[in-house]
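Q: Model the structure of this input:
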Amino acid sequence: MQESRQHFSSRLGLLLSVLGIAVGTGNIWRFPRIAAQNGGDLGAGAFLLVWVVFLFLWSVPLIVAEYALGQKGRMGVIGTFARVGGRSMAWLGAFVALVSTAIMCYYAVVTGWCLYYAGGLLLRPLPSSTEAAQQFWDGFQGSLWPVVFQALALGLAVAVIWTGVRAIERANRFLIPSLLVILLVALVRALTLEGAFEGVRYLFTPQWSDLAQPRLWLEALTQNAWDTGAGWGLILTYAAYMRREHGVVQNAFLTGVGNNTVSLLAALTIFGTVFAVLGAELSRAEVLEVMRTSGPASTGLTFIWLPQLFAKMPMGRVLAVLFFVGLTFAAFSSLIAMVELATRVLMDLGVRRSRALVGVGVVAWLLGLPSALNLTVFGNQDFVWGVALMLSGAFVALAVMRYGPARLRAETIAVNAWDWQLGRGWDVLMRWVVPLEAVVLLGWWLYQAGVVYAPERWYDPFVPYSVMTCLVQWGVALVACYLLNDWLVRRMQLPIPVQTEE
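A: Modelled structure (predicted):
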């Protein structure tokens with residue numbers, strides 16, 4: 001079967017695959033920590049409320065856009081931007097693809113960490129103290145195992161999707177239901193612990209005065225930008241394989257709501273576990289401090305604290321292994337989407353799928369080596385390209401604006417009578433709200449870099465979290481993509497006139 005003629009076999013297969021994109025380490029690893037950091041003395045319910053608001057003001061509109069663009073363009077990110085927005089927009093699609101590919105390089109390292117911990121905690125005793133947990137982590141990071149497991153993660157991703165979209169579908173039909181079962185088992189076990197409901201109560205109790213804090217709103221928007229996969233170009237890539245009758249709007253809502261449901265399940269499990277195990281010996285403030293601790297490369301709660309907490313519980317080893325297996329599945333389902341995005345771009349440029357996959361795997365391993373060997377480099381790459389996702393979201397919105405939101409709705413969304421129909425509200429969101437959110441978030445994180453992370457050396461591109469390290473790396477990427485614009489269009493054989501809305 002030719003790649004261009006491949007499609008997801010069913011709507012369920014499509015949804016599970018796109019959920020595989022959306023559900024990643026951001027849901028299980030990052031979300032509980034961010035909720036704790038933005039909770040007040042009474043609870044984190046105000047953060048949850050704002051987080052849900054931005055699901056519908058950022059994530060779902062962009063997910064709708066990616067579904068519609070992928071269905072319209074029927075190519076990878078670069079080809080779709082050129083087909084929908086015109087030849088001159090290929091370079092913007094190239095930047096979106098480059099950001100997701102850069103994330104893939106270090107995300108494979110994270111997937112390797114999860115693999116190592118899932119196996120390591122099965123084969124050796126759980127750490128019984130912070131010192132023992134730190135030694136376990138330091139011993140792993142001080143060896144070559146991160147490089148080995150990074151290669152293993154990439155190799156598995158390449159092998160799993162070797163034959164195309166049907167292989168992606170088969171993988172996610174296993175990974176996502178398995179992940180949900182694991183999370184539910186872990187949740188039930190956590191909630192049976194004495195004191196667990198103190199954590200649940202804290203998670204859902206709103207402290208309304210927190211709504212007056214701008215930081216809470218920005219962090220809630222950031223979490224949506226990072227954990228749903230909206231604006232990454234990944235959903236667009238999968239949507240190129242969807243059948244027209246699968247629809248757009250309902251799938252987009254199910255993707256966003258499904259993703260946030262997984263985040264809540266993870267938060268309930270972790271809040272319940274931490275409050276139950278530590279609540280008897282520490283005050284609420286001390287318990288929350290544990291949850292808020294980032295540690296090197298934001299590893300504190302997940303890789304340092306949780307293993308030792310599981311060690312203090314009945315059936316702790318089983319729960320620990322299940323947790324890290326679930327985290328591995330979440331990471332791996334997202335990783336294969338990133339590999340597919342880069343592979344599809346190369347295929348659009350005329351490279352055979354097998355060669356493209358091998359090339360992507362080898363290059364990702366080489367470019368990810370510095371992150372595997374050095375946590376400072378890892379932290380820098382995570383910061384630079386994570387913040388660059390705000391630009392990617394803005395560029396997706398720009399592609400929709402260039403084609404015309406109303407026109408895109410008429411041609412890709414309104415064609416299915418059974419699907420939910422969007423009104424002009426979506427047009428407003430894509431023309432004004434999403435770009436404004438992207439600008440505000442970009443400004444917020446650059447402000448953080450300049451005032452909080454590296455105030456004295458904000459101008460130094462070699463400081464991991466400085467303003468200049470972002471600007472230099474983005475600048476090089478943007479200039480390279482712009483200079484390659486015409487070559488990319490010629491290579492893809494896309495002599496397409498610019499299409500604009502009257």
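
Q: helix/strand/coil for the nearest residue to residue 45 once chain neighbours are set aside?
A: Using CB to CB, 6 or more residues apart in numbering and skipping the chain neighbours, the partner closest in space to residue 45 is residue 206 (3.2 Å). C-beta here means a position set from N, CA and C on the backbone, and glycine is covered the same way. Secondary structure state of residue 206, per DSSP: H, G, I helix; E, B strand; the rest coil, is coil.

Q: now do residue 51
A: State at residue 51, reduced to three classes by three-state DSSP: helix.

Q: ditto for residue 385
A: helix.

Q: residues contacting residue 227?
A: If a contact means CB atoms under 8 Å, 6 or more residues apart in numbering, then residue 227 has 22, 24, 26-27, 30-31, 259, 263 as its contacts.

Q: Now those residues in a markdown table, please, with extra columns for secondary structure.
A: Below are those laid out as a markdown table (three-state DSSP):
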| residue | secondary structure |
| --- | --- |
| 22 | helix |
| 24 | coil |
| 26 | helix |
| 27 | helix |
| 30 | helix |
| 31 | helix |
| 259 | helix |
| 263 | helix |
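
Q: what's the closest of these to residue 475?
A: The shortest approach to residue 475 among the contacts of residue 227 belongs to residue 26, at 26.2 Å (CB to CB).

Q: And the closest one, how close does it get to residue 144?
A: 27 Å (CB to CB, to the nearest Å).

Q: Residue 120 contacts residue 133, correct?
A: No. Using CB atoms under 8 Å, residue 120 is not in contact with residue 133, being 11.6 Å away.

Q: who has more neighbours, these two?
A: Each of residue 120 and residue 133 has its neighbours counted (other CB atoms under 10 Å); residue 133 has more, 21 against 18.

Q: wait, the more buried one sits on residue 304?
A: Yes. Taking CB under 8 Å as the contact criterion, residue 133 and residue 304 are neighbours in contact, 4.9 Å apart.

Q: Surely residue 335 and residue 109 touch.
A: No. The criterion here is CB under 8 Å, and residue 335 misses it with residue 109 at 10.3 Å.

Q: still on that earlier bit, neighbours of the residue nearest to residue 45, how many?
A: The burial count assigned to residue 206 is 17, neighbours taken as other CB under 10 Å.

Q: I'd say it and residue 49 touch.
A: Yes. Applying CB under 8 Å, one finds residue 206 in contact with residue 49, separated by 6.5 Å.

Q: Could I get the contacting residues of residue 326?
A: With CB under 8 Å, 6+ apart as the criterion, the residues that contact residue 326 are 28, 178-179, 182-183, 186.

Q: Counting neighbours, which of the residues you listed end up buried?
A: Neighbour-count burial within the contacts of residue 326 applies to 28, 179, 182-183, 186; the criterion is 16 or more other CB atoms under 10 Å.

Q: Does the spatially closest residue to residue 485 that is not a sequence neighbour lie in a helix or a strand, and which?
A: Once its chain neighbours are removed from consideration, residue 485 has its nearest residue in residue 91; the separation is 4.0 Å (CB to CB, 6+ apart). Residue 91 belongs to helix 90-123 when assigned by DSSP states H and E.

Q: Okay, helices next: where are they in the stretch 351-500 of the chain?
A: Assigned by DSSP state H, counting those that start in this stretch, the stretch 351-500 of the chain shows helices spanning 353-373, 375-403, 405-408, 424-428, 434-448, 467-483, 485-491.

Q: Would you mark the buried spots in the helix or strand hosting residue 225?
A: Here residue 225 is covered by helix 214-227, with elements defined by DSSP H and E. By neighbour count, with 16+ other CB under 10 Å as the criterion, the buried positions of helix 214-227 are 216-227.

Q: Would you mind giving the secondary structure of the closest residue to residue 403 other than its chain neighbours?
A: Spatial nearest neighbour of residue 403, excluding adjacent residues (CB to CB, 6+ apart): residue 84 at 4.8 Å. Counting by three-state DSSP, the backbone at residue 84 sits in helix.

Q: which residues does residue 84 contact?
A: Residue 84 makes contact with 69, 72-73, 399, 402-403, 408, 499, according to CB under 8 Å, 6+ apart.

Q: 6 Å instead, please
A: Listed by CB atoms under 6 Å, 6 or more residues apart in numbering, the contact partners of residue 84 are 69, 72-73, 399, 403.

Q: Please apply the same query to residue 92.
A: Taking CB under 6 Å, 6+ apart as the definition of contact, the neighbours of residue 92 are 81, 395.

Q: if I look at residue 114, how far off is residue 215?
A: When distance is defined by CB to CB, residue 114 is 29 Å away from residue 215.
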